[in-house]
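[1] predicted model and sequence below, questions to follow.
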Amino acid sequence: MMGRTGGAPLIELANTPMRYAWGGHGQIRDLLGTGGALIESDENQPLEAELWLGAHATGPSHVVMPELVDGAANLAAWIDADPVAALGGLSAGIRGEGPRLPYLMKVLSAREPLSLQAHPTLEQARAGFDRENAAGIALDDPNRNYKDPWHKPELILALTPTIEAVCGFRDFADVRNLVAGIAGFLAAGRSVAPGFSAFADRVAGLDDADGLRDLVAWILRNDDPSISAAVRAVYAWAHSEQAAAEETAKQARNARRLEEFFPGDPGALLILLLNHVSIPRGQAVFIKAGMLHAYVEGLGIEIMASSDNVLRGGITPKHIDVDELLRTLVFAPEPDPILPVRELADGSQLLAPGMPDFQLRRITTEEAATRTVEVGGAMPTIALCLSGSARVAGGLTEGELAAGHAVYLRPGEGTVTVQGSFDVVLASPGQVVGG
């Protein structure tokens, strides 16, 4: 419940969930409850994949009290009507593109693996969007790649004990060793080894970007009958005692999940080329442009440049444009994708990938403790309270931010104080924060 004692009420945001098939069953509801940031129109519908907090045209957040923003029903409409009030100094855009909120925050709940996918650079997105517009491809065409002219780098912060993910290509030597081990297991069994040999032979010579690109293209095009046999062979290995060894347990577990939800999909071969990451609670991974990735299971807070551009590469019934994905991917091994958490002087934590589009700050208190933290009010910020409650007060608005609720802090608030016992995440454009 939101309350106030001083200035104008806080601008509260809410939205209905996205019900993608891979979504969790009630995890977002369990985290946030209903009647706050989450508008759950069907209490009997457990499927909740994402809750969007932002101004993206596909699902802009509702403004709970439109009278606070000149009657605008949602955040996007308010930005369009009064960009200076809504965005302040960002009303011209972070790159001069005009008024838009440059980030989108989501609560993401994955019960099944998301598609293997990558996101374009800003230049690729602009060129692709213009190209598809010129070709007359409708924005809602399921075969369209570019829904907007923006890039979509992103990070995800784990709220469950882990978020399981595959992201970024592994070191070539590690890939060769993994696949050689699987081939050895299969050879010992003799029954399925021949179906795996075409894939294993290609991996054995993998030592540069060109070789990796050729291998990925061969898998994606999926026009070699040996690929389906190789996928079945991976499943056989994934259920073996050998695969349960510590060094391969993650790869085997993820292969079994793909078998469960997308049997026969060649993504089972692609994931052998990727880093398998268990993101611990409180940590995050950063997904750069061109990085092939998929979230496999878990609940987290995701923040990204505000875009819906996704180029898929497997474990999905949706459109896959192989040629465009190959143009987008960066064919190089990716080091550890865990994004370091920056501890600020006030005890809060900052996840900042070093770009102007977004950053995520988390402020928590110990159980039963209270604290007061100052938040800069120069940038448009969305605050989501995960637990507890906080007294939020700025130069323009003031009120109580309760668990499960979200508010928009407009530029011009000046210094905003957050006081109480709480766990709050704050999304904002990227900026340098002293610490």
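    Structure's in. What do you need?
[2] tell me the contacts of the residue lying closest to Arg170 once chain neighbours are set aside?
    Closest residue to Arg170 apart from its sequence neighbours, by CB to CB, 6 or more residues apart in numbering: Asn275 at 5.3 Å. (Each C-beta comes from the backbone N, C-alpha and C, glycine too.) Residues in contact with Asn275, defined by CB atoms under 8 Å, 6 or more residues apart in numbering, are 166-170, 334, 336-337.
[3] of these, buried ones?
    For these, a neighbour count by 16 or more other CB atoms under 10 Å gives the buried set as 166-170, 334, 337.
[4] so which of those residues belong to strands?
    166-169 (DSSP state E).
[5] now Glu413: which helix or strand?
    Taking DSSP states H and E as the definition, one finds Glu413 inside no helix or strand.
[6] so where do the strands sit in the stretch 1-150 of the chain?
    Secondary structure of the stretch 1-150 of the chain, counting by DSSP state E, counting those that start in this stretch: strands at 11-14, 24-25, 47-48, 50-54, 62-63, 103-110, 116-118.
[7] hmm, I typed the wrong one, I wanted the stretch 201-350 of the chain.
    274-280, 284-287, 293-305, 311-314, 338-339, 342-343, 349-351.
[8] okay, those strands in JSON lines with distance to Gly388 and mean pLDDT next?
    Shown next, in JSON lines, are the strands of the stretch 201-350 of the chain (distance: least, CB to CB, whole Å; pLDDT from 0 to 100):
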{"stretch": "strand 274-280", "distance to Gly388": "22", "mean pLDDT": "97"}
{"stretch": "strand 284-287", "distance to Gly388": "21", "mean pLDDT": "97"}
{"stretch": "strand 293-305", "distance to Gly388": "16", "mean pLDDT": "98"}
{"stretch": "strand 311-314", "distance to Gly388": "38", "mean pLDDT": "96"}
{"stretch": "strand 338-339", "distance to Gly388": "25", "mean pLDDT": "94"}
{"stretch": "strand 342-343", "distance to Gly388": "20", "mean pLDDT": "94"}
{"stretch": "strand 349-351", "distance to Gly388": "16", "mean pLDDT": "96"}
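[9] paired strands for the helix or strand hosting Ile363, with orientation please.
    In the assignment (DSSP H and E), Ile363 maps to strand 359-364. Applying DSSP bridges to the sheet, strand 359-364 is found paired with strand 349-351 (antiparallel), strand 416-428 (antiparallel).
[10] give me whichever of these is most buried.
    The highest average neighbour count among the strands paired with strand 359-364, using mean count of other CB atoms under 10 Å, belongs to strand 416-428 at a mean of 21.
[11] quick one: average pLDDT of it?
    Average pLDDT, strand 416-428: 94.
[12] tabulate the CA atom coordinates of that strand in CSV.
    Written as CSV, here are the backbone C-alpha positions of strand 416-428 (Å, rounded to 0.1, in the frame of the first residue of the first chain):
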residue,chain,number,x,y,z
VAL,A,416,15.9,11.4,-2.8
THR,A,417,16.1,9.7,0.6
VAL,A,418,15.1,6.0,1.1
GLN,A,419,14.5,5.1,4.7
GLY,A,420,13.4,2.0,6.4
SER,A,421,14.0,-1.7,6.4
PHE,A,422,13.8,-2.9,2.8
ASP,A,423,15.2,-4.5,-0.3
VAL,A,424,14.9,-2.1,-3.2
VAL,A,425,16.2,-2.2,-6.8
LEU,A,426,16.6,1.0,-8.7
ALA,A,427,16.8,1.1,-12.5
SER,A,428,18.2,4.3,-14.2
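[13] ok now that strand, how far from the chain's centre?
    22 Å (CA atoms, centre = their mean, to the nearest Å).
[14] taking strand 50-54 as reference, get the angle to it.
    With axes from the mean of the first three to the mean of the last three CA atoms, to 10 degrees defining the directions, strand 416-428 sits at 120 degrees from strand 50-54.
[15] got the strands of the stretch 201-350 of the chain as TSV, with distance to Val84 columns?
    Formatted as TSV, these follow (distance: least, CB to CB, whole Å):
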stretch	distance to Val84
strand 274-280	38
strand 284-287	32
strand 293-305	22
strand 311-314	35
strand 338-339	33
strand 342-343	31
strand 349-351	27
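[16] of all these, which lies closest to Asp357?
    For the strands of the stretch 201-350 of the chain, proximity to Asp357 was assessed by CB to CB; strand 293-305 is nearest, at 4.0 Å.
[17] could you say what helices and strands the closest one packs with?
    helix 27-32, strand 103-110, strand 116-118, strand 154-158, strand 162-169, helix 249-261, strand 274-280, strand 359-364 (3 or more CB pairs under 8 Å, 6 or more residues apart in numbering; DSSP states H and E).
[18] buried deepest among those, which one?
    strand 103-110 (a mean of 27).
[19] quick one: work out the angle between it and strand 50-54.
    Using the same axes, to 10 degrees: strand 103-110 against strand 50-54 is 170 degrees.
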